[in-house]
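Enquirer: Okay, sequence plus prediction incoming.
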Amino acid sequence: MTGTTQKVGTIIFDLDGTLVDSVPDLAGSLDTLMAEMGLAPIGVDLARRLIGHGIPNLVRRALTERGVEWEEEAGKAAIQRFTEIYGSRVAQETRPYADVVEVLTTLKAEGWKMGVCTNKMERFARAVVDDLDLASFFDIVAGPDTFKVGKPDPRHLTETVKAAGGAEPVLYVGDSEVDIATGVAAEIPVIALTYGYTKTSLEGLGADRLIDSFAELPDAIHSVLVARAPVAAAS
């Protein structure tokens, strides 16, 4: 565990693939859109591989998978329609991963300030957090529209840290190559979960620690902070 004597600061979390499994609702929304367009469904497995970089990218990838050549006006209409569909079921089947509530409860009790930095639009991210009773854990929920910049731009993360109070030490917890790149660019230590929506192996991408379950997070926090602590000057 993080331990009672360890200094606490700020932990920022990615949302989809880190705190919650949102694939069922995203896949269901994509399948509704595909049906309306006369295309074959995407399904959960393929949707899981397409997720990343927000809704516009997700819709574009899905249409490409179905052989639809991207045209700007039609593409914008498809994105708008997907947004409407998804907004009606944003947390219908989305659920927190195992141990998330328990670990967040422990971290909050220890005094950590926490926030969410996600490429999901803020209103959808807040709906998920609210509907799943996670809102009390977070001081800020920031989407790409919150600060008008999205991951992997490090400003999305650094502005979220500031909004959460900015107390040091600061860590970022995510699940993908995008999250790792964001943390590295922001010069913030990254702990990456291996069970999420990554498109590639996370090994060697610069995360300070890789973990396989959320239950491992408290120990990972401790080990990362110890490793990052300045070495005391020799007397």
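Expert: Right, received. Where do you want to start?
Enquirer: residues touching the nearest residue to Phe13 once chain neighbours are set aside, list them.
Expert: Nearest non-adjacent residue to Phe13, counting by C-beta to C-beta, 6 or more residues apart in numbering: Val173, 4.8 Å away. C-beta here means a position set from N, CA and C on the backbone, and glycine is covered the same way. By C-beta atoms under 8 Å, 6 or more residues apart in numbering, Val173 lies in contact with 11-14, 18, 190-193, 217.
Enquirer: Ok, Leu26 next?
Expert: Neighbours of Leu26 in contact, by C-beta under 8 Å, 6+ apart: 16, 47, 51, 58, 86.
Enquirer: Flag the shaky bits of the chain, pLDDT-wise.
Expert: Along the chain, the model assigns pLDDT under 70 to residues 1-5, 231-235.
Enquirer: The spatially most central residue of the chain: what's it in contact with?
Expert: The centre of the chain sits closest to Asp14, judged by C-alpha atoms, centre = their mean, with a distance of 2.4 Å. Neighbouring residues of Asp14 by C-beta under 8 Å, 6+ apart: 116-118, 172-176, 179, 196.
Enquirer: May I ask which helix or strand encompasses the residue nearest to Phe13?
Expert: strand 170-174 (DSSP states H and E).
Enquirer: Would you mind extracting the C-alpha trace of that strand into PDB?
Expert: Output of strand 170-174 as PDB, limited to C-alpha atoms (Å, rounded to 0.1, in the frame of the first residue of the first chain):
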ATOM      1  CA  VAL A 170       1.700  14.200  -9.300                       C
ATOM      2  CA  LEU A 171       1.100  10.900 -11.100                       C
ATOM      3  CA  TYR A 172      -1.000   9.900 -14.200                       C
ATOM      4  CA  VAL A 173      -2.700   6.600 -14.500                       C
ATOM      5  CA  GLY A 174      -3.800   5.300 -18.000                       C
END
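Enquirer: How far away from the center of its chain is that strand?
Expert: The chain centroid and the centroid of strand 170-174 are separated by 10 Å, computed with C-alpha atoms, centre = their mean, to the nearest Å.
Enquirer: same check, this time on stretch 202-213
Expert: 15 Å.
Enquirer: What helices and strands are in contact with the one helix or strand Gly115 maps to?
Expert: Applying DSSP H and E as the criterion places Gly115 in strand 113-117. Under the contact criterion of 3 or more C-beta pairs under 8 Å, 6 or more residues apart in numbering; DSSP states H and E, strand 113-117 touches strand 10-13, helix 100-110, strand 140-142, helix 154-163.
Enquirer: Let's see that with 10 Å instead.
Expert: In terms of contacts (3 or more C-beta pairs under 10 Å, 6 or more residues apart in numbering; DSSP states H and E), strand 113-117 is packed against strand 10-13, helix 100-110, helix 122-131, strand 140-142, helix 154-163, strand 170-174, helix 177-186.
Enquirer: Including distance to Pro154, could the contacts of Val173 go into TSV?
Expert: Listed next are these as TSV, based on distance: C-beta to C-beta, whole Å:
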residue	distance to Pro154
Ile11	17
Ile12	12
Phe13	16
Asp14	14
Thr18	18
Val190	11
Ile191	17
Ala192	16
Leu193	20
Leu217	22
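Enquirer: so which of those residues is the most crowded?
Expert: Ile12 (31 neighbours; other C-beta atoms under 10 Å).
Enquirer: I'd guessed it sits against Met114; true?
Expert: Yes - counting by C-beta atoms under 10 Å, Met114 is a contact partner of Ile12 at 7.3 Å.
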